[in-house]
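# structure for this input, please:
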Amino acid sequence: MSKMRKYIKKIVVFVGVSLFITQSFAQKNQSDAVLKAATKEYNALKYAYAIPLLERALKQQPTNVDAMALLAQSYLKTKDYQNAAAWYAKLAQQNPVKAEWALSYAEVLANLEDYQTSKVWYNKYVTLKNGDARAADFLNIYPNVSSFMANKARWKVGFANINTNQSEYAPIYYGNGLLFVSNRKTSGFSKNVFAWDQSPFSDLYLVDKLEKVKPINIDSVMLAAKTDKNLRKKFYVVNNDDTRKTSNDSKTFADGYATINDTLARATGSEELAMRLSKSINSKYHEGPVALLPDGAIMFTRNNYYNGKTGKSTDGVIKLKMFTANSASMDNLKPFAYNSDEYSVGHPALNQAGTLLIFTSDMPGGFGGTDLYYSTRTSVNEEWSKPINMGKTVNTEGDEMFPTLYQDKQLFFSSTGHAGLGGLDIFELNIDGFTPQGKPKNLGAPVNSSVDDFSLVRDGSGSHGFFSSNRRGNDDIYMFDYNDYKIILKGKLTEQSTGNALASINIAVEHNGEKLNINTDAQGNYEYELPKNAVTKLGFVVPQYEPKQFSLSTEELLTDTVINKNIALKKLGVPNQQQNDIAGNPCDTLKKLISQFVLYYDLDKSNIRKDAAEVADKLAVFLKANPQFEIAAASYCDSRASKEYNIRLSQRRSNSVKNYLINKGIAAGRISISFYGEENLVNHCADGVNCTEEEQQLNRRTEFFLLYKGKKVDDLDCETLKTLK
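Numbers count the residues shown, from 1 in each chain. Model prediction:
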C-alpha cells in the first residue's frame, strides 16, 4: 500500500508539473502573440491601439524591456506625459541605458516642468551620444528657465472662442477672417478616425469675419457647462496635434466610429462661428496648415490623397503632400512639384509676392527629424526651384516645423531642438530673403509652455495675433496682444583731439552671432535699436584712428530705454605726419596703416561704393605722401556663384580700384593688381555653408600690400624699413 501511495503521489506531482509547464507555455505563447500584435500596431503608427496591447503583454512579461520601450514611446506620441515618464523611469533603471531612452526621458520631464531632473538626463544623453548640439543647448539653460520668463508681463494671452473639445490649430489671416485646421465633428458619428490617437481626421475651416473671434475665460465656461444639465454629458476628448514628424502618417484610416458630443462647442457656440471649406479641398484624410498666395489662392497640406486615389510609401505609409487651390472655387488642385510618396512635405509659408516658399519636410539629407526647407521662383507663374535646406542656424537634430512669415522679414517656427520650455517652442528669426540673420530667439512664456506651442501669426501692426498650443491637452487656438518696448542706443563719434565729428563712418555691430553695420550721419551721430535680452558688441574701426570697442547688455532692461554713449577716437597720425611716424617706428606704423585700407563691395558688383571711396581716398593721400612705395591690390569674392565667374568678378574689382586710384593722381605704374575669386575666405563661409549676409560681406573685398622695390614691405625686416626714403 505504501509503495502504491508513493507511486500515486509521483503521478500527481508529474501531472501537476506537466500542467504547470503546459499552462506557462500557453501563457507565454499568448503573451508573445499579444506583443506581436502590439508591435504591428506600433509600426503602423497606431499608438492608441498599441497601448492596451502593450499593457496586457507587460502584465504577463513585466521585465520585457522592448515592450516597455514601445509603451513609453506610445504614451509620448499620444501626449500622455505622466504615463510616458513613468515607463521611461523604468527604462532608466536598465543596464545599459540606451541613448534614445535618455533623450526621451529628458524631453518628457521637461514637458512635466521637472527641469532639474531633465538636465540630469540630457547630461546622460550627452555622455551616451557625444556631439549632439541639441542636448548641449538645453544643458546651457536647464534647470534655470527664468530667461524664458523675462517678457511674460508684456503678453496678454486669451483662449479663442472658436475652440471645441477637439483640436483647432494653425490659424492664418484670410481676407477679413481667419482660416484654421480642426478635427471637430459637429454631429453624429465620425467614421474616418486617425489611428495614431483614435481622433477624427482634420479639415480646413473659415471664420468669415475676424471680429467674431474673441477671447473667453475657458475655466468659467467649463464650470458653467458642468452645472447645465443639458451639457453634462460625456464628450469625446482626443488629441490630434500634428506636431511630430510622422503624426500625419497612417497606413489606413480606422474602421471604427467615434461618438462626438462636444460640451465646449455647445457652451460657446463655436461650431456656428466657422464653416468647413469645400469638399474639393477637404478629403477623408488630413488637411493641414495653409499659406496664402497674392491672388487669394491657397497652398495647403494634405495626406497623400489626390484625384480620389491614396498614395503610399514603399513601407505602406501615407505621407504628407502640398497642393495649391485656386482662389475662385478652391478646386483645380495643383500638386507641389517636389511632393514624394517616400517623404512628407507640408506646413507651407509664403512671402507676400508668392516667390519664396518655406516648408517642413523629413526628406533625406536633413539635420534631424523634420527640417525647414525653402524654394524660390521669379514670379507666381513660374515653377518652384528645387528645395534647399535652411541650414544649421535653423535646423537641429530635433524637429523644426510650422513656419510662418511676417512682412517677409521675420520667420516664426517651432522646434524641439533649440532650447525651450519643453515640447515644441515658438522661435523668432530675422531673415533677409531666405537667409537667416543672427540666431533664433525663443519667445518665452506665456506664448511657450512645457508642451507643444506652434503656428504663430501676427497682424499688420505686429501687436496682435494667434498661435496654437496643446497646454490643455488638445490643440487649441489662442489670441495674443503684445506690448512692445524699445531700447535705443544713441551717441556721437568724434576725433579725440579736436572734437570734430566723424561723419559717414561704419560701426560694426554684433549680437547672437548676427553681424551688421550702422553709419554715423553728417554730424557724426549714430542711433541703433538694441536687441532685447542680449549682449551687443560695437566696434569702431576707422582708418588712421585707434580702434575701440565696447559691449552693452540689455538683459535687465524691460521698459522703453535710451542709452547715450559718445565715442572719441584717437588719431594715429595725419598725412603730413606719416613720414615721421614711418621713420620713427616703421614696423608698427606701416602695418597698422595698410591693414585699415580694405574696400568692400555689394553682391555681384565691382563699382567703388561710397564707404569704399572714403577708404580709397585716404589710401591715395598716403601714397602721395610716400612716393617710395608702390601698391598691390588683391580682390576677392564670396563663395556664391561659380569659381570661374568669381575670378572674372574679382578681376573687375581690381581694375575698378586701379582706375579709381589713377583718377586720384596715383601713377598707373605704381599700382599692380591680382584677383583670386573665392580663394582666401576670411571666415567659414565656403560653398554650401549657411552664412549671414554680413558674414558674406567680409569676403567681398580688396586688400592692399605695400611694395618697396618689388618686395612686400611685410617681408622686410625692421632695420631695412628704417632706411626707406
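# helix, strand, or coil at residue 75?
helix (DSSP: H, G, I helix; E, B strand; the rest coil).
# burial check on residue 313, number of neighbours?
Using other CB atoms under 10 Å, the number of residues around residue 313 comes to 16. Bear in mind the C-beta positions are built from the backbone N, C-alpha and C, glycine included.
# what of residue 593?
Counted with other CB under 10 Å, residue 593 comes out at 22.
# my read is it is in a helix, agree?
Yes: according to three-state DSSP, residue 593 belongs to a helix.
# without its sequence neighbours, what residue ends up closest to it?
Distance criterion CB to CB, 6 or more residues apart in numbering; nearest residue to residue 593, sequence neighbours excluded, is residue 622 at 6.6 Å.
# tally of neighbours for that neighbour?
22.
# hang on, it in a helix?
Yes: secondary structure assignment (three-state DSSP) places residue 622 inside a helix.
# now do it against residue 673, distance only.
From residue 622 over to residue 673 the distance is 18 Å, taken as CB to CB, to the nearest Å.
# also residue 90?
Residue 90 is 71 Å from residue 673, by CB to CB.
# with residue 624 instead?
Distance of residue 624 to residue 673, computed by CB to CB: 19 Å.
# for the stretch 551-700 of the chain, what spans make up the strands?
561-564, 567-569, 599-600, 630-635, 671-675 (DSSP state E, counting those that start in this stretch).
# nearest to residue 701, of those strands?
Closest to residue 701 of the strands of the stretch 551-700 of the chain, according to CB to CB: strand 599-600, at 5.4 Å.
# packing partners of the closest one?
If you count contacts as 3 or more CB pairs under 8 Å, 6 or more residues apart in numbering; DSSP states H and E, strand 599-600 packs onto helix 610-625, strand 701-708.
# go again with 6 Å.
helix 610-625 (3 or more CB pairs under 6 Å, 6 or more residues apart in numbering; DSSP states H and E).
# between strand 630-635 and the helix it packs on, find me the angle.
Between helix 610-625 and strand 630-635, the angle comes out at 160 degrees (axes from the mean of the first three to the mean of the last three CA atoms, to 10 degrees).
# run the chain-centre distance for helix 610-625.
Distance of helix 610-625 from its chain centroid, counting by CA atoms, centre = their mean, to the nearest Å, is 43 Å.
# again with stretch 118-134
Centre-to-centre, stretch 118-134 and its host chain are 21 Å apart (CA atoms, centre = their mean).
# if we can go back for a sec, figure out which of the strands of the stretch 551-700 of the chain is closest to residue 359.
Using CB to CB, the strands of the stretch 551-700 of the chain put strand 599-600 closest to residue 359, at 34.2 Å.
# what sits against the nearest residue to residue 105 once chain neighbours are set aside?
Leaving aside its chain neighbours, residue 105 sits nearest to residue 88 (3.9 Å; criterion: CB to CB, 6+ apart). Applying CB atoms under 6 Å, 6 or more residues apart in numbering, we find residue 88 in contact with 72, 104, 105.
# how about 8 Å then?
For residue 88, the contacting residues are 72, 101, 104, 105, 108, by CB atoms under 8 Å, 6 or more residues apart in numbering.
# between those, which sits nearest residue 381?
Taking CB to CB as the measure, residue 104 is the one of the contacts of residue 88 closest to residue 381, at 46.3 Å.
# follow-up on the earlier one: ok, the residue nearest to residue 593 to residue 141 distance?
50 Å.
# check residue 56 too.
40 Å.
# and the furthest pair within the contacts of residue 88?
Maximum distance among the contacts of residue 88 (CB to CB): 10.6 Å, for 101 and 108.
# of these two, which one has the most company?
Legend: neighbour count by other CB under 10 Å for residue 101 and residue 108, higher for residue 108 (28 against 25).
# send the alpha carbons of whichever strand or helix holds the more buried one over as PDB?
In the assignment (DSSP states H and E), residue 108 maps to helix 99-111. What follows is helix 99-111, C-alpha atoms only, in PDB (Å, rounded to 0.1, in the frame of the first residue of the first chain):
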ATOM      1  CA  ALA A  99      20.700  56.900 -25.700                       C
ATOM      2  CA  GLU A 100      17.200  57.300 -27.100                       C
ATOM      3  CA  TRP A 101      15.700  56.500 -23.800                       C
ATOM      4  CA  ALA A 102      17.700  59.100 -22.000                       C
ATOM      5  CA  LEU A 103      16.800  61.700 -24.600                       C
ATOM      6  CA  SER A 104      13.100  60.900 -24.500                       C
ATOM      7  CA  TYR A 105      13.100  60.800 -20.700                       C
ATOM      8  CA  ALA A 106      14.800  64.300 -20.600                       C
ATOM      9  CA  GLU A 107      12.200  65.600 -23.000                       C
ATOM     10  CA  VAL A 108       9.100  64.200 -21.200                       C
ATOM     11  CA  LEU A 109      10.500  65.500 -17.800                       C
ATOM     12  CA  ALA A 110      10.600  69.000 -19.400                       C
ATOM     13  CA  ASN A 111       7.000  68.500 -20.500                       C
END
